[in-house]
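>>> Got a sequence here, can you build the structure:
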Amino acid sequence: TGVVPFMALLLLQRRPVAGRALLVTGSSCPGHGLCRSNVQEQTRRQVALLNATAQDLFSLYLKCQGEPFSSESDKLCNPAGIIFPAFRVNRTSERKEVMVAMYKLFAFLNASLGNITRDQEELNPTAKELLDRLHNTTKTTRGLISNLTCLLCKNYNIFQVDVRYGESSKSKSAFKKKQQGCQVLRKYVQVIGQAARVLLPHLSPS
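Predicted structure coming up:
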(Lines give C-alpha, C1' and ligand atoms only; values in the text may rest on other atoms or scores of the structure.)
Protein backbone atom coordinates (compact mmCIF):
# COMPACT_ATOMS: atom_id res chain seq x y z
CA THR A 1 0.00 0.00 0.00
CA GLY A 2 1.29 3.44 -0.86
CA VAL A 3 0.18 6.88 0.22
CA VAL A 4 0.01 9.67 -2.34
CA PRO A 5 -1.56 13.14 -2.33
CA PHE A 6 -5.13 13.13 -3.65
CA MET A 7 -4.37 15.28 -6.68
CA ALA A 8 -1.32 13.19 -7.53
CA LEU A 9 -3.72 10.39 -8.42
CA LEU A 10 -4.39 12.00 -11.79
CA LEU A 11 -0.68 11.95 -12.56
CA LEU A 12 -0.39 8.41 -11.25
CA GLN A 13 -3.14 7.27 -13.62
CA ARG A 14 -0.86 8.09 -16.56
CA ARG A 15 1.32 5.10 -15.71
CA PRO A 16 0.17 1.47 -15.89
CA VAL A 17 0.07 0.15 -12.34
CA ALA A 18 0.39 -3.43 -11.16
CA GLY A 19 -2.22 -4.98 -8.89
CA ARG A 20 -1.92 -3.32 -5.53
CA ALA A 21 -3.98 -1.07 -3.29
CA LEU A 22 -3.14 2.61 -3.12
CA LEU A 23 -4.46 4.95 -0.49
CA VAL A 24 -5.31 8.39 -1.77
CA THR A 25 -5.22 10.90 1.03
CA GLY A 26 -4.53 14.47 2.01
CA SER A 27 -5.04 16.84 4.91
CA SER A 28 -8.13 18.35 3.31
CA CYS A 29 -9.97 18.64 0.03
CA PRO A 30 -8.44 20.92 -2.61
CA GLY A 31 -10.14 24.23 -3.29
CA HIS A 32 -13.32 24.41 -5.34
CA GLY A 33 -11.31 25.99 -8.12
CA LEU A 34 -10.95 22.43 -9.39
CA CYS A 35 -14.61 22.33 -10.31
CA ARG A 36 -15.96 23.63 -13.58
CA SER A 37 -19.35 25.30 -13.40
CA ASN A 38 -20.89 22.51 -15.50
CA VAL A 39 -19.06 19.64 -13.82
CA GLN A 40 -22.19 17.56 -13.23
CA GLU A 41 -23.41 17.82 -16.83
CA GLN A 42 -19.91 17.14 -18.13
CA THR A 43 -19.69 14.01 -15.96
CA ARG A 44 -23.03 12.82 -17.38
CA ARG A 45 -21.77 13.29 -20.92
CA GLN A 46 -18.50 11.48 -20.24
CA VAL A 47 -20.24 8.42 -18.78
CA ALA A 48 -22.74 8.39 -21.65
CA LEU A 49 -19.91 8.65 -24.20
CA LEU A 50 -17.94 5.80 -22.64
CA ASN A 51 -21.07 3.65 -22.58
CA ALA A 52 -21.90 4.44 -26.21
CA THR A 53 -18.42 3.63 -27.53
CA ALA A 54 -17.42 0.61 -25.39
CA GLN A 55 -18.77 -2.11 -27.69
CA ASP A 56 -17.19 -0.56 -30.79
CA LEU A 57 -13.83 -0.37 -29.01
CA PHE A 58 -14.06 -4.04 -28.06
CA SER A 59 -15.03 -5.07 -31.60
CA LEU A 60 -12.20 -3.08 -33.15
CA TYR A 61 -9.75 -4.53 -30.65
CA LEU A 62 -10.76 -8.08 -31.63
CA LYS A 63 -10.44 -7.28 -35.32
CA CYS A 64 -6.91 -5.95 -34.86
CA GLN A 65 -5.70 -9.00 -32.87
CA GLY A 66 -6.45 -11.39 -35.73
CA GLU A 67 -6.89 -15.12 -35.25
CA PRO A 68 -7.74 -16.91 -33.04
CA PHE A 69 -9.30 -13.92 -31.27
CA SER A 70 -11.65 -13.00 -34.12
CA SER A 71 -13.25 -16.47 -34.27
CA GLU A 72 -12.93 -17.62 -30.66
CA SER A 73 -13.66 -14.45 -28.72
CA ASP A 74 -16.25 -16.11 -26.46
CA LYS A 75 -13.65 -18.57 -25.21
CA LEU A 76 -10.49 -16.44 -25.22
CA CYS A 77 -12.07 -13.22 -23.94
CA ASN A 78 -14.12 -14.73 -21.13
CA PRO A 79 -13.59 -12.13 -18.38
CA ALA A 80 -14.21 -14.51 -15.46
CA GLY A 81 -10.65 -14.07 -14.20
CA ILE A 82 -10.65 -10.27 -14.47
CA ILE A 83 -11.48 -8.74 -11.09
CA PHE A 84 -12.93 -5.26 -11.45
CA PRO A 85 -13.60 -3.27 -8.27
CA ALA A 86 -16.71 -4.50 -6.48
CA PHE A 87 -19.76 -2.63 -7.76
CA ARG A 88 -22.55 -3.14 -5.26
CA VAL A 89 -24.51 0.06 -5.79
CA ASN A 90 -27.77 0.52 -7.65
CA ARG A 91 -30.21 3.31 -8.49
CA THR A 92 -31.58 3.38 -4.95
CA SER A 93 -28.14 3.68 -3.31
CA GLU A 94 -27.08 6.92 -1.68
CA ARG A 95 -25.51 9.30 -4.15
CA LYS A 96 -22.28 9.42 -2.11
CA GLU A 97 -21.92 5.63 -2.27
CA VAL A 98 -22.47 5.72 -6.03
CA MET A 99 -19.82 8.41 -6.55
CA VAL A 100 -17.20 6.52 -4.51
CA ALA A 101 -17.95 3.26 -6.37
CA MET A 102 -17.66 5.08 -9.70
CA TYR A 103 -14.36 6.65 -8.69
CA LYS A 104 -12.89 3.23 -7.86
CA LEU A 105 -14.23 1.74 -11.08
CA PHE A 106 -12.88 4.40 -13.41
CA ALA A 107 -9.51 4.65 -11.65
CA PHE A 108 -9.13 0.90 -12.18
CA LEU A 109 -10.29 1.20 -15.79
CA ASN A 110 -7.91 4.03 -16.54
CA ALA A 111 -4.89 2.04 -15.33
CA SER A 112 -6.09 -0.99 -17.33
CA LEU A 113 -6.43 1.13 -20.47
CA GLY A 114 -2.86 2.26 -19.91
CA ASN A 115 -1.69 -1.36 -19.92
CA ILE A 116 -3.69 -2.20 -23.04
CA THR A 117 -2.53 0.89 -24.94
CA ARG A 118 1.12 0.21 -24.11
CA ASP A 119 0.78 -3.40 -25.29
CA GLN A 120 -0.97 -2.42 -28.51
CA GLU A 121 1.63 0.22 -29.31
CA GLU A 122 4.15 -2.60 -29.11
CA LEU A 123 2.13 -5.36 -30.82
CA ASN A 124 0.07 -3.39 -33.36
CA PRO A 125 1.94 -0.11 -33.95
CA THR A 126 0.24 0.47 -37.33
CA ALA A 127 -3.32 -0.03 -36.02
CA LYS A 128 -3.98 3.71 -36.01
CA GLU A 129 -7.75 3.55 -35.56
CA LEU A 130 -7.48 1.25 -32.55
CA LEU A 131 -4.70 3.28 -30.94
CA ASP A 132 -6.69 6.49 -31.51
CA ARG A 133 -9.76 4.90 -29.90
CA LEU A 134 -7.73 3.73 -26.91
CA HIS A 135 -6.16 7.17 -26.46
CA ASN A 136 -9.53 8.91 -26.76
CA THR A 137 -11.17 6.51 -24.28
CA THR A 138 -8.30 7.08 -21.85
CA LYS A 139 -8.61 10.85 -22.26
CA THR A 140 -12.34 10.71 -21.52
CA THR A 141 -11.74 8.45 -18.51
CA ARG A 142 -9.12 10.83 -17.08
CA GLY A 143 -11.51 13.74 -17.48
CA LEU A 144 -14.20 11.73 -15.73
CA ILE A 145 -11.85 10.90 -12.82
CA SER A 146 -11.04 14.61 -12.50
CA ASN A 147 -14.74 15.49 -12.36
CA LEU A 148 -15.51 12.73 -9.84
CA THR A 149 -12.60 13.99 -7.72
CA CYS A 150 -14.19 17.41 -7.74
CA LEU A 151 -17.70 16.17 -6.92
CA LEU A 152 -16.50 13.96 -4.06
CA CYS A 153 -14.53 16.82 -2.52
CA LYS A 154 -17.04 19.59 -3.09
CA ASN A 155 -20.18 17.70 -2.09
CA TYR A 156 -18.93 15.20 0.51
CA ASN A 157 -15.48 16.39 1.60
CA ILE A 158 -14.14 12.95 0.66
CA PHE A 159 -10.42 12.97 0.05
CA GLN A 160 -9.50 9.39 0.94
CA VAL A 161 -10.32 6.56 -1.45
CA ASP A 162 -8.82 3.07 -1.47
CA VAL A 163 -8.17 2.21 -5.11
CA ARG A 164 -7.24 -1.26 -6.34
CA TYR A 165 -5.62 -1.70 -9.74
CA GLY A 166 -5.57 -4.63 -12.13
CA GLU A 167 -2.73 -6.98 -12.98
CA SER A 168 0.04 -5.58 -15.18
CA SER A 169 0.62 -7.41 -18.46
CA LYS A 170 4.13 -6.03 -18.97
CA SER A 171 6.05 -9.30 -18.52
CA LYS A 172 3.53 -11.53 -20.33
CA SER A 173 3.81 -13.11 -23.78
CA ALA A 174 2.29 -11.40 -26.83
CA PHE A 175 -0.64 -13.85 -26.82
CA LYS A 176 -1.31 -13.33 -23.11
CA LYS A 177 -1.14 -9.55 -23.56
CA LYS A 178 -3.73 -9.72 -26.32
CA GLN A 179 -5.89 -12.06 -24.24
CA GLN A 180 -5.79 -9.92 -21.13
CA GLY A 181 -6.71 -6.88 -23.21
CA CYS A 182 -9.75 -8.56 -24.73
CA GLN A 183 -10.84 -9.92 -21.33
CA VAL A 184 -10.63 -6.46 -19.75
CA LEU A 185 -12.46 -4.78 -22.63
CA ARG A 186 -15.24 -7.37 -22.63
CA LYS A 187 -15.69 -6.89 -18.89
CA TYR A 188 -15.60 -3.12 -19.48
CA VAL A 189 -18.52 -3.40 -21.95
CA GLN A 190 -20.55 -5.17 -19.27
CA VAL A 191 -19.60 -2.90 -16.39
CA ILE A 192 -19.91 0.47 -18.15
CA GLY A 193 -23.49 -0.34 -19.12
CA GLN A 194 -24.35 -1.05 -15.49
CA ALA A 195 -22.45 2.03 -14.32
CA ALA A 196 -24.31 4.28 -16.74
CA ARG A 197 -27.70 2.93 -15.63
CA VAL A 198 -26.84 3.57 -11.98
CA LEU A 199 -24.94 6.85 -12.22
CA LEU A 200 -26.83 8.86 -14.83
CA PRO A 201 -30.07 9.21 -12.79
CA HIS A 202 -27.96 10.55 -9.88
CA LEU A 203 -26.54 13.23 -12.18
CA SER A 204 -29.81 14.32 -13.69
CA PRO A 205 -30.62 18.02 -13.26
CA SER A 206 -32.61 18.60 -10.11
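
>>> Flag every buried residue along the helix or strand containing Leu62.
Using DSSP states H and E, Leu62 falls within helix 39-65. For helix 39-65, a neighbour-count test (16 or more other Cβ atoms under 10 Å) marks 39-40, 42-47, 49-51, 53-54, 57-58, 60-62, 64-65 as buried. All C-beta spots, glycine's among them, are computed from the backbone N, C-alpha and C.

>>> for the helix or strand just after that helix, packing partners?
Downstream of helix 39-65, the next assigned helix or strand under DSSP H and E is helix 73-76. Secondary-structure packing of helix 73-76 (3 or more Cβ pairs under 8 Å, 6 or more residues apart in numbering; DSSP states H and E): helix 174-202.

>>> The same query, at a cut-off of 6 Å, please.
Applying 3 or more Cβ pairs under 6 Å, 6 or more residues apart in numbering; DSSP states H and E, we find helix 73-76 packed against no helix or strand.

>>> List the buried residues in that helix.
Buried residues in helix 73-76 (16+ other Cβ under 10 Å): 73, 76.

>>> rounded to a whole number, what's the mean pLDDT of it?
Averaging the model's pLDDT scores along helix 73-76 yields 93.

>>> Which elements pack onto the next helix or strand along the chain from it?
Counting by DSSP H and E, the element after helix 73-76 in chain order, helix or strand, is helix 95-123. On a contact count with 3+ Cβ pairs under 6 Å, 6+ apart, helix 95-123 meets helix 128-156, strand 161-164, helix 174-202.

>>> Can you tell me which of these is nearest to Arg88?
Of all those, the one in closest proximity to Arg88, counting by Cβ to Cβ, is helix 174-202 (10.4 Å).
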